[in-house]
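Engineer: I'd like to go over a predicted model; first the sequence, then the structure.
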Amino acid sequence: MGRKYFGTDGIRGKVGDFPITPEFMLKLGWAAGRVLSQGNHAGKVIIGKDTRISGYMFESALEAGLSAAGLDIRLLGPMPTPAIAYLTRTLRATAGIVISASHNPYEDNGIKFFSAAGTKLPDEVELAIEAALDEPMTMAPSARLGKAERVVDAGGRYIEFCKSTFPNTLSLAGLKIVVDCANGATYFVAPRVFRELGAEVVKIGAQPDGLNINVDCGSTHPGLLQRTVLEQKADLGIAFDGDGDRVIMVDHTGTIVDGDELLFIIAMERHRQGGLAGVVGTLMSNLGMEHALGAAGIGFERAKVGDRYVLERMSALGWPLGGESSGHIICRDCTTTGDGIVSALQVLTAVARSGRSLHALKGGMNKYPQTMVNVRLRQPFDVAGSALVQEAVRAAETAFQGRGRVLLRPSGTEPLVRVMAEGEDAVLVERIVAELAAVVQQAVQGSN
């Protein structure tokens, strides 16, 4: 069955454009409440949000819809997405709702759900909610309407959880850390976590005003973090995105340490402490990480791009660790979803235990040069079905002689084919990408 509203990561769009409107959110709250309560008019739903200004409006609309369906509501206020997953589990809620558009600008917003187990809702539940959205909205009897309460200690609960994932035999004392909260959902909790574990914390991007989320700061704009680390002579920097499920870091030289390198550091620490069967990456994960893990005897598999697919593959293989180059890292032995703070603490565990710098730890992985070119399409084009393109791909793979790879991937959001190559030789990578992109362009034009 096709989906009308839910994508791979909930419902997202521009505020004011359907379905990101208060009217739709009211109906969505009711529809979700009806499906989640299974007609019993019992249970409670957690609602948390990031710091964008429209969150207030959508929080109220969802609250009203859930109440009409007979479910109680627990309001968390601004909290990271992974905190909402955690609190949904520990407060024994029926479900959790996140109001956030992650790393997007404040003009956008979105909704995603967590199950009672703190994982994404099963497809059949999302489809049932979509079906309920097409039904007339009704209301529970007045005596059975839901009540709303604010969870006043939500931040403290989550801070203690995050700290529990860092070994109690270790400390961050002696480390000076710059923490960039993207003026988003981590602005309150993240600096406290690292400070309470002993670090000297310099916080930036921690003054949200509803409009400045992700603006020239955070994991998608790391320039501010790089400059601040150098100015403060800090040991390292940590940057989150607007909803706190992604993290990147900066070493003491001001060099970015991306999601692949962070995943490698965590994997090697897990391996040293008792072995690690394997790591799940994506089609875009750097080949250098795959080779470095292989040299250490750690397995590696690629999933489609998207944390949903990474988690699915991790579950199928029984592996505890996976992630994306963007810094969306899942430590399944710590929590149920991608968590920027928890992931950062796993990296800092390696730093504290080894006594080595972040710069030294990432040096165990030789990150290969990677180049990507987007070829725009005027109409759908089957890359895999083009003999011309596939012949060029085979020629490129031959040229790499096992020391590189190519990937042609249609965009899931734009009319583009992404042409990517990576390998040990940067000059060869640039040449192969240019040649492949030209062939794809030729094939596209020939198909028009």
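Structural biologist: Yep, that arrived.
Engineer: show me where the stretch 1-150 of the chain has strands.
Structural biologist: Along the stretch 1-150 of the chain, the segments classed as strands by DSSP state E, counting those that start in this stretch run 11-14, 44-49, 72-78, 95-99, 108-115, 148-150.
Engineer: now the terminal residues of stretch 167-174, how far apart.
Structural biologist: 16 Å (CA to CA, to the nearest Å).
Engineer: buried ones in it?
Structural biologist: Neighbour-count burial for stretch 167-174, with 16 or more other CB atoms under 10 Å as criterion, is recorded at L172. Quick note: C-beta positions are derived from backbone N, CA and C, even for glycine.
Engineer: mind listing what R195 touches?
Structural biologist: By CB atoms under 8 Å, 6 or more residues apart in numbering, the contact set of R195 is V201.
Engineer: next, it: secondary structure please.
Structural biologist: helix (DSSP: H, G, I helix; E, B strand; the rest coil).
Engineer: which parts of the stretch 101-250 of the chain are helices?
Structural biologist: 123-133, 154-164, 189-196, 223-232 (DSSP state H, counting those that start in this stretch).
Engineer: dump these to JSON lines, plus mean pLDDT.
Structural biologist: Shown next, in JSON lines, are the helices of the stretch 101-250 of the chain (pLDDT from 0 to 100):
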{"stretch": "helix 123-133", "mean pLDDT": "95"}
{"stretch": "helix 154-164", "mean pLDDT": "98"}
{"stretch": "helix 189-196", "mean pLDDT": "98"}
{"stretch": "helix 223-232", "mean pLDDT": "98"}
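Engineer: pick the most buried one from those helices.
Structural biologist: Compared across the helices of the stretch 101-250 of the chain, helix 189-196 shows the largest average neighbour count, a mean of 21 (mean count of other CB atoms under 10 Å).
Engineer: on that earlier part again, same list (the helices of the stretch 101-250 of the chain) but as CSV, adding distance to M314.
Structural biologist: Output for the helices of the stretch 101-250 of the chain, formatted as CSV (distance: least, CB to CB, whole Å):
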stretch, distance to M314
helix 123-133, 18
helix 154-164, 21
helix 189-196, 25
helix 223-232, 29
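Engineer: which stretch among these comes nearest N104?
Structural biologist: helix 223-232 (18.3 Å; CB to CB).
Engineer: what helices or strands is the closest one leaning on?
Structural biologist: strand 176-180, strand 200-204, strand 236-240, strand 247-251 (3 or more CB pairs under 8 Å, 6 or more residues apart in numbering; DSSP states H and E).
Engineer: let's see it at 6 Å
Structural biologist: In terms of contacts (3 or more CB pairs under 6 Å, 6 or more residues apart in numbering; DSSP states H and E), helix 223-232 is packed against strand 176-180, strand 236-240, strand 247-251.
Engineer: what lies in contact with it?
Structural biologist: 178, 180, 202, 204, 217, 237, 239, 250, 254 (CB atoms under 6 Å, 6 or more residues apart in numbering).
Engineer: tell me the angle of it relative to strand 236-240?
Structural biologist: 160 degrees (axes from the mean of the first three to the mean of the last three CA atoms, to 10 degrees).
Engineer: quick one, phi/psi of the residue nearest in space to the middle of the chain?
Structural biologist: Centroid-nearest residue in the chain, with CA atoms, centre = their mean: H328, separated by 4.0 Å. Per-residue torsions, H328: phi -90, psi 100 (degrees, to the nearest 10).
Engineer: now I330, what's its secondary structure?
Structural biologist: strand.
Engineer: partner residues bridging it?
Structural biologist: G322 (DSSP bridges).
Engineer: ok, now how distant is the residue nearest to the centre of the chain from K233?
Structural biologist: 30 Å (CB to CB, to the nearest Å).
Engineer: next: R192.
Structural biologist: From R192 to K233 the distance is 23 Å (CB to CB).
Engineer: same thing with L311?
Structural biologist: In terms of CB to CB, L311 sits 38 Å off from K233.
Engineer: please say which of the two ends up with more neighbours.
Structural biologist: Higher neighbour count among L311 and K233: L311, with 20 against 8, using other CB atoms under 10 Å.
Engineer: in terms of pLDDT, where does that one sit?
Structural biologist: pLDDT, L311: 94.
Engineer: repeat for L408
Structural biologist: The model's pLDDT for L408 equals 93.
Engineer: before we move on, the earlier item: most packed of the helices and strands packed on helix 223-232?
Structural biologist: Most buried among the helices and strands packed on helix 223-232, counting by mean count of other CB under 10 Å: strand 236-240, with a mean of 29.
Engineer: in the chain, where's the longest helix?
Structural biologist: helix 426-447 (DSSP state H).
Engineer: who touches it?
Structural biologist: So helix 426-447 is contacted by 369, 371, 373, 375, 381, 386, 388-389, 392, 396, 417, 419, 421, 423 (CB under 6 Å, 6+ apart).
Engineer: with distance to I11 added, can I get those in JSON lines?
Structural biologist: Putting the contacts of helix 426-447 into JSON lines (distance: CB to CB, whole Å) gives the following:
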{"residue": "P369", "distance to I11": "37"}
{"residue": "T371", "distance to I11": "34"}
{"residue": "V373", "distance to I11": "31"}
{"residue": "V375", "distance to I11": "30"}
{"residue": "F381", "distance to I11": "28"}
{"residue": "S386", "distance to I11": "34"}
{"residue": "L388", "distance to I11": "39"}
{"residue": "V389", "distance to I11": "35"}
{"residue": "A392", "distance to I11": "39"}
{"residue": "A396", "distance to I11": "39"}
{"residue": "V417", "distance to I11": "27"}
{"residue": "V419", "distance to I11": "31"}
{"residue": "A421", "distance to I11": "35"}
{"residue": "G423", "distance to I11": "39"}
